[in-house]
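1. Coordinates for the following, if possible.
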Amino acid sequence: MSNVLKNKKTVVFVLTAAAVAVRIVYLYQYSCSPLFNNIGGPDIGEYNTWANAIVDGNYLWDNVSIHSPLYPYFLALLKLITGNSFFYIRLFQLLLGIAGILYLFNIIYSFKGERERFTVTIAYAFLCLGYFFIPLIYYQGEIISESLLLPLICFSTGQLYKAEKTESLRGLKHYFMSGILLGLAVITHPIAVFYAFAELVYLFLKLLRYVKTKKTVASANIISFVFPVLIILSAVSIYNTYQSGSFVFIQRNSGYNLFLGNNPESNGMCYISAGPEWDRIHSKAEKAADEMGITKDKYFYRKVYRYITNNPYEWIKLVIRKALLVWNYKDIYSSLDPLKVKYYTPIMRYGRNFFGVLAVFALFGLYMTLRRKGRWIYSYRHFIILILSVWIGLSFTVVSDRYRYLMLPGLFVLAPCGLISLYINIKKAERVFIVLVYFVLAAVIVYMPLYRINTQKDNAFAAAMYGEAFYQEGKYADAEFNLQKALDVFPQWGRCYNNLGLIVMENNPEKAVKYLTKAYVIMPNNADPLMNLGLCFSSLGNDEKAESYFKKAFEIDKADPKTIFNYAYILYQEGKLEKAEKVLALSRKNNCVNSRIRNLNGVIYLTKGKPETALKYFKNAVYYSPDKNEYKLNLAACYIALKKPERAEGFISEVLKMDPGNKKAVYLRRMIDS
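-> Numbering: from 1, shown residues only. Next up is the predicted model:
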């Protein structure tokens, strides 16, 4: 065995190839799910929409999101590289996760030069756990910010270790790079703030121990680490604050996230589900905040402050409960990851109980490492800092599987440390009883029955997600069946009624009106039901009512490209070109332009007899959506109007090559020939 481990390149290559193979098998299993390519629902759908807006040329955001900004840009880049293939997007994310683990493996492996016993064993155990810890594969393959967050943390931590190997100015570049990566991690998800702050405290305490001659170098190192973090955070915070008119750190909704884990009804987890319960809480908060003349975040902050000051003992018990939940073997439930969705694939079902075993050995390893006060504390200091900072952070905020998985690199190191400690003490027959007591205590903490998942609610959330996905696939019967299942549990779920309206709109617009009206009554501040009612009445030929609903939707959300386009389009159809032009102008002001809006702008200017102005809009529409034949033919018509048929010919030929029977292309070709 020792000879095999000595052949590092061969072992690492085989393990890496196996890890890639496992992930490809997982993707093929998952690709059978309607959720694989149909991206919708809370968080995932919002990231996808934002990334699509970036691909469409809206490089800066106008409305401050409830999500941190880096992941949508990362996703937009992957969309451009892969041609919006979610198989390859997910695969790239999974491979990036492998790269982060492999990078840290090499850092840990390098510790063997420090005369540390068992280092090679711990390094290979880390690699195997990082590669084959099945629950992590799900999150790294999902369209969520945590898929990018963990690799950034791995690379940042590795750079810190490299920086500290050289206690001179030569280490500045590694400190600087670590700071950049950690700053990017924070604007990927604010949970990384806890780790960033803990590392800063560590570096500052380290500075105090130096003699005066070394303090200059140490100070320069700290500055080179902190500077990029502050620059990145400041840029995002200043921009968000400017856009919102009041201070926003990284994202909106931070007050709500704190409230979620610190209120009288909290169980320490994301107990308010992303559905009717979420809508009710936020609707009530918006109304109260408006009456008080404050932001919704401030309203939630005040609620948290009152709860803590009025119920200090109850709050302390809640903090302790959350501290225990961080290590609990069960899935830390969230409606964003229903169990029927998370465990859809056989691979995921096989790894369902992995976290409990890992957590027992890691918690035991953490205690034994801290108790030992030897080389392990120094060698694995940043992994310990990562675990402790996230553990403390979640204990004071809210616990979920997505959040606690940020600790995984640390757990992958300390679990083998725990196993080795157990082995050494049993082999040497030293303090065996007390060590076994510590191990059993760790197991009790991890396997403590703290909560039960409401299966009925969980199935309803899964049904709602599958309903939306089936609708996007065009499987309307399956979509309707699943949405009705969700409504059986949550009869006041406006989003489900809205989706049911979309499903029946084509064949039964009268029934769609009933569903959409009910959705609007439940969600009066949501533009989607109003917009869809507009589409419904437009299909019924009632343009007056359609315009009325489109206008109401537009007034609720003037930064949504769908509401802007639909309102402008009905105005265009009615010949109100000037009014339509003014509505479309808001898309440029609010940074929410898309190709449909650009194309409609071009059509309006072409209709007004201004082909020179129309040309730039059609060019942009084709540039950002090169697969749309309609936009290419409109550009060709514009060139014909400008008496440049030779330029139009190329676009017409391109369309006819793909669609020989395209009537508009044939008509434009005849125009040129005549």
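
2. residues of the helix or strand hosting V201 that come out buried?
-> Per DSSP states H and E, V201 falls inside helix 192-209. Judged by neighbour count (16 or more other Cβ atoms under 10 Å), helix 192-209 contains these buried residues: A192, V193, F194, Y195, A196, A198, E199, L200, Y202, L203. The way it works is simple: take the backbone N, C-alpha and C, and place the C-beta from them, glycine included.

3. do the same with stretch 529-547
-> So for stretch 529-547, counting by 16+ other Cβ under 10 Å, buried means 529-538, 545-547.

4. Likewise for stretch 237-245?
-> Buried residues in stretch 237-245, defined by neighbour count with 16+ other Cβ under 10 Å: S237, N240.

5. Next up, the contacts around G141.
-> The contact partners of G141, by Cβ atoms under 8 Å, 6 or more residues apart in numbering, come to R23, Y26, L27, Y30, R90, Q93, L94, S147.

6. Excluding chain neighbours, give the residue nearest to I66 in space.
-> Leaving aside its chain neighbours, I66 sits nearest to N253 (4.0 Å; criterion: Cβ to Cβ, 6 or more residues apart in numbering).

7. now L606
-> Nearest non-adjacent residue to L606, counting by Cβ to Cβ, 6+ apart: A614, 4.2 Å away.

8. so where is the protein shaky, pLDDT-wise?
-> 1-6, 112-117, 167-169, 210-215, 373-374, 589-592 (pLDDT under 70).

9. Give me the neighbour count for P660.
-> 9 (other Cβ atoms under 10 Å).

10. what secondary structure does it sit in?
-> coil (DSSP: H, G, I helix; E, B strand; the rest coil).

11. For P626, see how far away it is.
-> From P660 over to P626 the distance is 19 Å, taken as Cβ to Cβ, to the nearest Å.

12. try F300
-> Distance, F300 to P626, by Cβ to Cβ: 44 Å.

13. Tell me which of these two has more neighbours.
-> Neighbour count, other Cβ under 10 Å: between F300 and P626, F300 has more, with 25 against 11.

14. which non-adjacent residue is nearest that one?
-> In this structure, F300 finds its nearest non-sequential neighbour in G255, 3.3 Å apart by Cβ to Cβ, 6+ apart.

15. With N526 instead?
-> Spatially, and ignoring its direct neighbours in sequence, N526 is nearest to G494 (6.8 Å; Cβ to Cβ, 6+ apart).

16. looking at it, that neighbour is touching R280, isn't it?
-> No: here G494 lies out of contact with R280, judged by Cβ atoms under 8 Å, at a distance of 10.4 Å.

17. and the gap between the closest residue to Y195 other than its chain neighbours and A218?
-> Excluding its sequence neighbours, the residue lying closest to Y195 (Cβ to Cβ, 6+ apart) is S389, at 4.8 Å. Using Cβ to Cβ, S389 is found at 21 Å from A218.

18. What of I445?
-> For I445 relative to A218 (Cβ to Cβ), the value is 37 Å.

19. Could you pull out the helices in the stretch 101-250 of the chain for me?
-> 119-132, 134-141, 146-165, 172-186, 192-209, 212-244 (DSSP state H, counting those that start in this stretch).

20. Turn these into TSV, columns for distance to Y667.
-> Converted to TSV, the helices of the stretch 101-250 of the chain look like this (distance: least, Cβ to Cβ, whole Å):
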stretch	distance to Y667
helix 119-132	58
helix 134-141	46
helix 146-165	47
helix 172-186	51
helix 192-209	56
helix 212-244	45
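
21. A362 is nearest to which of the ones you listed?
-> helix 119-132 (9.6 Å; Cβ to Cβ).

22. Identify the residues contacting that closest one?
-> Residues from elsewhere that reach helix 119-132 (Cβ under 8 Å, 6+ apart): 5, 11-12, 15-16, 18-19, 22, 98, 101-102, 104-105, 108-109, 111-112, 136, 358, 379, 408-409, 411-413, 415-417, 419-420.

23. go again using 7 Å as the cut-off
-> Where contact means Cβ atoms under 7 Å, 6 or more residues apart in numbering, the residues beyond helix 119-132 that reach it are 5, 15, 19, 22, 98, 101, 105, 108-109, 111-112, 412-413, 415-417.

24. What of stretch 319-338?
-> Counting by Cβ under 7 Å, 6+ apart, 42-43, 261, 268-270, 273-275, 339, 355-356, 359, 363, 391, 394-396, 399-401, 404, 445-448, 450, 453, 458, 461-462, 465 sit against stretch 319-338.

25. and what of stretch 574-586?
-> The contact list for stretch 574-586 (Cβ under 7 Å, 6+ apart) reads 543, 547, 554, 558, 564, 567-568, 571-572, 597, 600-601, 604, 607-608.

26. Looking at S389 and A218 now, which is surrounded by more residues?
-> Counted by other Cβ under 10 Å, S389 and A218 do not tie: S389 has more neighbours, with 24 against 18.

27. mind giving me a markdown table with the buried residues of stretch 529-547 and columns for distance to A479 and secondary structure?
-> Shown next, in a markdown table, are these (distance: Cβ to Cβ, whole Å; DSSP: H, G, I helix; E, B strand; the rest coil):
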| residue | distance to A479 | secondary structure |
| --- | --- | --- |
| P529 | 17 | helix |
| L530 | 21 | helix |
| M531 | 19 | helix |
| N532 | 15 | helix |
| L533 | 19 | helix |
| G534 | 21 | helix |
| L535 | 17 | helix |
| C536 | 17 | helix |
| F537 | 22 | helix |
| S538 | 22 | helix |
| K545 | 26 | helix |
| A546 | 24 | helix |
| E547 | 29 | helix |
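
28. what about K298, how many residues close to it?
-> As a burial measure, K298 scores 15 neighbours (other Cβ under 10 Å).

29. out of everything not next to it in sequence, what's closest to it?
-> Leaving out its chain neighbours, the residue that sits closest to K298 by Cβ to Cβ, 6+ apart is G255, at 6.6 Å.

30. hey, where'd the helices end up in the stretch 351-500 of the chain?
-> Going by DSSP H, counting those that start in this stretch, the stretch 351-500 of the chain shows helices at 354-372, 375-379, 381-396, 401-404, 408-428, 432-446, 455-473, 476-489, 494-504.

31. Can you tell me what sits against the fourth one?
-> Surrounding helix 401-404, the residues in contact under the criterion Cβ under 7 Å, 6+ apart are Y139, I144, E146, I191, V326, D331, I332, S334, D337, V390, L394.

32. what's the closest of those residues to R371?
-> Relative to R371, the closest of the contacts of helix 401-404 is V326; by Cβ to Cβ it sits at 20.0 Å.

33. ok, now how distant is the closest one from V390?
-> V326 is 8 Å from V390, by Cβ to Cβ.

34. Same check on E506?
-> 48 Å.

35. Those two: which is more packed in?
-> V390 (24 against 11).

36. Just to check, the more buried one is in contact with P409?
-> No: in this structure, V390 is not within contact of P409 by Cβ atoms under 7 Å, at 10.4 Å.

37. which SSE is the closest residue to P151 other than its chain neighbours in?
-> Nearest residue to P151 in three dimensions, chain neighbours excluded: G100, at 3.6 Å (Cβ to Cβ, 6+ apart). In this assignment (DSSP H and E), G100 forms part of helix 86-109.

38. what's the angle between that helix and helix 119-132?
-> 170 degrees (axes from the mean of the first three to the mean of the last three Cα atoms, to 10 degrees).

39. Helix 86-109 vs helix 146-165, what angle?
-> Using the same axes, to 10 degrees: helix 86-109 against helix 146-165 is 20 degrees.

40. For helix 86-109, which residues meet the burial criterion?
-> Those would be 86, 88-98, 100-102, 104-105, 107-109, for helix 86-109 by 16+ other Cβ under 10 Å.

41. likewise stretch 616-634?
-> Buried residues in stretch 616-634 (16+ other Cβ under 10 Å): 617-618, 620-622, 624-625, 628-634.
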